[in-house]
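> after the sequence you'll find the predicted model.
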Amino acid sequence: MNLRNAIVRPLGLNGGGGFRKLVSERNEEEIILCKNDKHLNFQVGIYCSNPEDGWQDASVTTVVKFNNFLGRLCFIGIWMFHKLLVKSLFRKAVRV
């Protein structure tokens, strides 16, 4: 996230703040994160089912709305790292 913030700060995008400030909704199985700025708006849903028979399902869904061309341009950089970041986060979660 620090690398992401350093890259997008010169473009006028909001960086930092941590995940706690992004939480818009939360229940026992799902957390919705969202952030809106002048270039793009995004929402991320993180779902984890209740553990059953030693297994637990988890999924991440991302929705992005572009507000202008710079939002689309910025998203190209985000998209390249998004898949790696999500896989890394799930690997860490499995180890816990």
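Done, it's in. Residues are numbered from 1 along each chain as shown.

> tell me where this structure is predicted with low confidence.
Applying pLDDT under 70 to the chain picks out residues 1, 4-5, 7-8, 11-18, 96.

> what about the helices in it?
2-8, 69-95 (DSSP state H).

> export those helices to JSON lines and tack on mean neighbour count and distance to residue 54?
(C-beta placed from N, C-alpha, C; glycine too.) As requested, those are exported to JSON lines (neighbours: other CB atoms under 10 Å; distance: least, CB to CB, whole Å):
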{"stretch": "helix 2-8", "mean neighbour count": "12", "distance to residue 54": "35"}
{"stretch": "helix 69-95", "mean neighbour count": "12", "distance to residue 54": "13"}
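
> tell me which of those helices sits nearest to residue 31.
Among these, the nearest to residue 31 by CB to CB is helix 69-95 (12.6 Å).

> quick one: the closest one to chain centroid distance?
7 Å (CA atoms, centre = their mean, to the nearest Å).

> now for it, which elements pack on it?
Counting contacts by 3 or more CB pairs under 8 Å, 6 or more residues apart in numbering; DSSP states H and E, helix 69-95 packs against helix 2-8, strand 40-48, strand 58-66.

> relative to residue 21, how far out is the residue nearest in space to the middle of the chain?
Note on the chain: the residue nearest the mean C-alpha position is residue 44, at 5.2 Å, using CA atoms, centre = their mean. Plainly put, residue 44 is 13 Å away from residue 21 if you go by CB to CB, to the nearest Å.

> please consider this matter closed, and thank you.
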